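1. model this:
(chains A and B)
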Amino acid sequence: GENVEQHPSTLSVQEGDSAVIKCTYSDSASNYFPWYKQELGKGPQLIIDIRSNVGEKKDQRIAVTLNKTAKHFSLHITETQPEDSAVYFCAPPGGSQGNLIFGKGTKLSVKP
Amino acid sequence: NAGVTQTPKFRVLKTGQSMTLLCAQDMNHEYMYWYRQDPGMGLRLIHYSVGEGTTAKGEVPDGYNVSRLKKQNFLLGLESAAPSQTSVYFCASSRIASKTYEQYFGPGTRLTVT
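-> You can find the predicted model right below:
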């Protein structure tokens, strides 16, 4: 089956530091690369996504970079704030039906 | 505009009981999805629907049935609950008729099967 891996599984940073989460996928046909944020007790919410014709996309303090050759994409958060504390999921499409395949998540803790 | 709502928020079932989870969206979205989330497993797709009257199996469909009789509602049924179905269930919908666009998630239903 399709394989999606996220690293690290947990990440703790000091407020103001940067955080980077990496997602590796196996389906070379994937052409859409989203990141979702899930706060405690809530459903996931899309925070940024990128398509395969673009190498990098930035939205204020968050950015996503894509390396299709190596089959990985990364979420970058700069100037982290306590409200960035959450679980982050990558979810590239894959498989015969092309549904999103969620990684197992990265728990980010930002310490004030 | 309530977005995606799920009913109930919590439920405890005994093994062998049945129940239906209701998902409703008021955004006129075509695509709807049911996921389950277990600790350390991320979200796994149970069933999905690409339009009123259509349903399809996802990654983990066994033990579940679904129906999409109205465009705004997507029902998930458990005919005979098992402890392995203890999980948090999320419904999602997508505005664009494609699987590679933003999905809007509901708040979840926490189900415990004893």
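
2. C-alpha from now on. contacts and neighbour counts both.
-> Noted.

3. element containing residue B:33?
-> Here residue B:33 is covered by strand B:31-37, with elements defined by DSSP states H and E.

4. residue A:18 against residue A:79, yeah?
-> Yes - here residue A:18 reaches residue A:79: they are 5.8 Å apart, a contact under CA atoms under 8 Å.

5. tell me which of those two has more neighbours.
-> Neighbours per residue (other CA atoms under 10 Å in any protein chain shown) separate residue A:18 from residue A:79, with residue A:18 holding more: 16 against 13.

6. look up phi and psi at residue A:62.
-> Here is the backbone geometry of residue A:62 (degrees, to the nearest 10): phi -110, psi 150.

7. tell me the spacing between the residue nearest to it when sequence neighbours are not counted and chain B.
-> Closest residue in space to residue A:62, ignoring its immediate chain neighbours: residue A:77 at 4.6 Å, by CA to CA, 6 or more residues apart in numbering or on different chains. According to CA to the nearest CA, to the nearest Å, residue A:77 stands 20 Å off from chain B.

8. ok, now which ones touch residue A:77?
-> Contact partners of residue A:77, counting by CA atoms under 8 Å, 6 or more residues apart in numbering or on different chains, are A:18, A:19, A:20, A:61, A:62, A:63.

9. pLDDT value on it, please?
-> Predicted confidence (pLDDT) for residue A:77: 98.

10. and the lowest-mean-pLDDT helix or strand in chain A, what does it pack against?
-> Least confident helix or strand, chain A: strand A:93-94 with a mean of 89, by mean pLDDT, DSSP states H and E. For strand A:93-94, the elements it packs on are strand A:99-100, judged by 3 or more CA pairs under 8 Å, 6 or more residues apart in numbering or on different chains; DSSP states H and E.

11. list the buried residues in stretch B:11-19.
-> Residues of stretch B:11-19 classed as buried: residue B:13 (neighbour count, 16 or more other CA atoms under 10 Å in any protein chain shown).

12. circling back: just the mean pLDDT for the strand holding residue B:33, thanks.
-> 97.

13. check stretch A:51-61 too.
-> On average, stretch A:51-61 scores 91.

14. how close does whatever residue of chain A ends up closest to chain B get to residue B:8?
-> Closest to chain B within chain A is residue A:104: 4.0 Å, counting by CA to the nearest CA. Plainly put, residue A:104 is 25 Å away from residue B:8 if you go by CA to CA, to the nearest Å.
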